[in-house]
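Enquirer: 3D, please:
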Amino acid sequence: MKSTDKRERFPKRLSRREFLKNMGKAGAALSVGAGVGLFEGKPPLFAQTRTLHILEWSSFVKPADKVRDKQAAEFGKLAGVKARVEHINANDLPARTTAAIEGGTGPDIITLLNNYPQLYAEGIENHNDLIEELGGDEIYEFIRQAVLVDGVYRGVPYHFGGGANVYRKDIFQQVGIKRPPETWDEYLEAGKKLKQFGMPVGQTLGHTFGDAPGFAYTLLWCFGGKEVDEKGKVAINSKETLNALEFLKEFWFAACDEGGLAWDDTSNNRAFFAETISCTLNGASIYFVARYDPSKAPPGFADKLDHFLIPKGPYGRYHTAGPQSNCIMKYSKNKEVAKDYIRFIHEDKNYEEFLVTNHGYVNGPLPKWQEHPMWEEDPAITIYRELPKYGRNFGYAGPYNRQSSEVLAKYIIVDLMAKVVKGDSPKSAIAWAERELKNVYERG
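Expert: Take a look at the predicted model:
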């Protein structure tokens, strides 16, 4: 894909002005019933396909959903179609996607999490042309790999996110924690003080898409554990994994709210605002709500909050980088319109509006978005700009493929951790995980 001439690399890309101008022409053609000219004697495409349906998660930053809805409406007016975005709980996306593909009908575009396009590749269109137009190999590799299946891109990465630890500065100060922990050992000592104070760390180990994998995988990696090695061979049964689990057991009972086993991705947000926990791994949504939705938090609450990265372990610091990618379904009758919609939301003006509205909750697919002034305007969210430095794909150190996606979807690494805090010995939990992983990676 590499080329030294950007005009050669992106021959089909239009400027936003040119794109909107062409879309306006299409709308004008429709208004006078034109059947020739712009469409070369064919009936206008948009006259044939009147509805574009996009399915995505319901964001924890609600204004971002409103931006998506607004931009879909703007695109619809330009394209002469009815474009609507349906927002659902992220945990329900896999079931909806499976039903749509098996039934051969449903949303034209589904915004899939992580590398789930690997699981649904046979039901998703080829997006190679769009990838080339919208950034090519300038798009972060670790999110391109989420949609690359056997040399074919099965989606276009739209954004990616990850967690940092949001914490109460005032509570940390009250219990004598002078600075955010840099290592897991420091975090353990801080967590002991917080729990004794009655404001523990809040963490889920439940079957939920974001916070549980974000914690379980990174803890494993920080201690040198991994589900598979670089060649994809199951490698979970190691002293490094054992060390991670032994640390987890101490950390969980000494520092954490033990009810977190049953939490989903909304539970820690609610617990934080209920002031029953003082620290939790999260996207920037807790801070966003505290800062911009005064009905949800007491006055001045946002000023008490700050963030720190996942602590370093013996093998370094890691963060998960969960992309979301727009995927056009093969069954769609609106594929060309769907492509134009994806082009539209990636136009600089539109993407900037989406990025700034999220205010640090998501990162852009191109490095240029990490240089946006937004990251410097509010020091409380600047740290989220650092995530690409430490980001790893689920399945690290192996390939980001269908198998690693299946392991994530089955919550094998999360359940490995959950078994230990429920009372299984670390060695027996590892033996269970090894069997489960071999069933995924080594089956015929």
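Enquirer: what about Pro437, which SS state?
Expert: For the record, residue 437 is Leu, not Pro. helix (DSSP: H, G, I helix; E, B strand; the rest coil).
Enquirer: low-confidence ranges, the stretch 1-150 of the chain, go.
Expert: Low-confidence segments of the stretch 1-150 of the chain (pLDDT under 70): 1-49.
Enquirer: as a check, name the ranges of all helices in it.
Expert: 6-9, 16-31, 45-48, 62-79, 93-103, 128-133, 141-144 (DSSP state H, counting those that start in this stretch).
Enquirer: all helices for the stretch 251-400 of the chain, in order.
Expert: Using DSSP H, counting those that start in this stretch, helices in the stretch 251-400 of the chain cover 267-273, 285-292, 335-346, 348-358, 374-377, 387-390.
Enquirer: out of those helices, nearest to Arg317?
Expert: Nearest to Arg317 among the helices of the stretch 251-400 of the chain is helix 387-390; the distance by Cβ to Cβ comes to 5.3 Å. For every residue, glycine as well, the C-beta is placed using N, CA and C.
Enquirer: quick one: which of the helices of the stretch 251-400 of the chain is nearest Thr208?
Expert: Thr208 sits nearest to helix 267-273 of all those, at 8.3 Å, using Cβ to Cβ.
Enquirer: hmm, who's touching that closest one?
Expert: Outside helix 267-273, the residues that touch it by Cβ atoms under 8 Å, 6 or more residues apart in numbering are 60, 166, 202-204, 211, 257, 260, 263, 277, 280-282, 285-286, 289-290, 296-297.
Enquirer: just the buried residues from the residues you listed, in PyMOL please.
Expert: Restricted to buried positions by 16 or more other Cβ atoms under 10 Å, the PyMOL selection for these reads:
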select buried, resi 60+166+202+203+204+211+257+260+263+277+280+281+282+285+286+289+290+297
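Enquirer: that older thread, can you lay out the helices of the stretch 251-400 of the chain as TSV showing mean pLDDT?
Expert: Shown next, in TSV, are the helices of the stretch 251-400 of the chain (pLDDT from 0 to 100):
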stretch	mean pLDDT
helix 267-273	96
helix 285-292	94
helix 335-346	98
helix 348-358	97
helix 374-377	93
helix 387-390	90
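Enquirer: so which of the ones you listed comes closest to Arg144?
Expert: Judging the helices of the stretch 251-400 of the chain by Cβ to Cβ, what sits closest to Arg144 is helix 387-390, at 12.9 Å.
Enquirer: buried ones in that closest one?
Expert: By 16+ other Cβ under 10 Å, the buried positions in helix 387-390 come out as Leu387, Pro388, Tyr390.
Enquirer: give me the contact list for that helix.
Expert: Applying Cβ under 8 Å, 6+ apart, the set of residues contacting helix 387-390 is 140, 142, 160-162, 164, 309-310, 317-319, 321, 363, 367, 370.
Enquirer: most widely separated two among those residues?
Expert: The largest separation in those, counting by Cβ to Cβ, is between Ile310 and Pro367 at 21.5 Å.
Enquirer: between those two, which one's more packed in?
Expert: Shown here are Ile310 and Pro367; by other Cβ atoms under 10 Å, Ile310 has more neighbours (24 against 13).
Enquirer: contacts only, for the more buried one.
Expert: Gly163, Ala164, Asn165, Thr218, Cys222, Leu281, Arg317, Tyr318, His319, Tyr390.
Enquirer: the third one - how many residues pack around it?
Expert: In other words, Asn165. Neighbours of Asn165 (other Cβ under 10 Å): 21.
Enquirer: so which helix or strand takes in it?
Expert: Here Asn165, judged by DSSP states H and E, is contained in strand 164-168.
Enquirer: that strand pairs with which strands, and in what direction?
Expert: Strand 164-168 has the following sheet partners, assigned by DSSP bridges: strand 279-282 (antiparallel), strand 305-308 (antiparallel).
Enquirer: give me the mean pLDDT for the first one.
Expert: Okay, so that is strand 279-282. The predicted model assigns strand 279-282 a mean pLDDT of 97.
Enquirer: kindly report the same for the last one.
Expert: What strand 305-308 shows for mean pLDDT is 98.
Enquirer: distance of Thr51 relative to Glu86?
Expert: 12 Å (Cβ to Cβ, to the nearest Å).
Enquirer: and what of Asp65?
Expert: Counting by Cβ to Cβ, the gap from Asp65 to Glu86 is 10 Å.
Enquirer: before we move on, what about Ser325?
Expert: Distance, Ser325 to Glu86, by Cβ to Cβ: 17 Å.
Enquirer: those two: which has the busier surroundings?
Expert: Here Ser325 and Glu86 are compared on neighbour count by other Cβ under 10 Å; more neighbours surround Ser325, at 28 against 13.
Enquirer: let me know the pLDDT of that one.
Expert: Looking at Ser325, its pLDDT is 98.
Enquirer: now for the closest residue to it other than its chain neighbours: which residues touch it?
Expert: With Cβ to Cβ, 6 or more residues apart in numbering as the criterion, Ser325 has its nearest non-adjacent residue at 3.6 Å, and that residue is Gly155. Under the criterion of Cβ under 8 Å, 6+ apart, the neighbours of Gly155 are Leu112, Pro117, Ile124, His127, Ala146, Val147, Ser325, Asn326, Cys327, Ile328.
Enquirer: got it, and Thr320?
Expert: Here Thr320 is in contact with Gly162, Gly163, Pro213, Gly214, Tyr217, Thr218, Gly391, Arg392, Asn393, Phe394 (Cβ under 8 Å, 6+ apart).
Enquirer: and if we set it to 10 Å?
Expert: Taking Cβ atoms under 10 Å, 6 or more residues apart in numbering, we find Thr320 in contact with 114, 160-163, 210, 213-218, 221, 281, 310, 387, 390-394, 396, 408.
Enquirer: beta partners for the residue nearest to Lys335 when sequence neighbours are not counted?
Expert: Spatial nearest neighbour of Lys335, chain neighbours left out: Ile328 (5.8 Å); criterion: Cβ to Cβ, 6+ apart. Beta-bridge pairing for Ile328 (DSSP bridges): Ile109.
Enquirer: what sits against Ile328?
Expert: Shown in contact with Ile328 (Cβ under 10 Å, 6+ apart): 107-110, 124-127, 130, 154-156, 334-339, 341-342.
Enquirer: thank you, goodbye.
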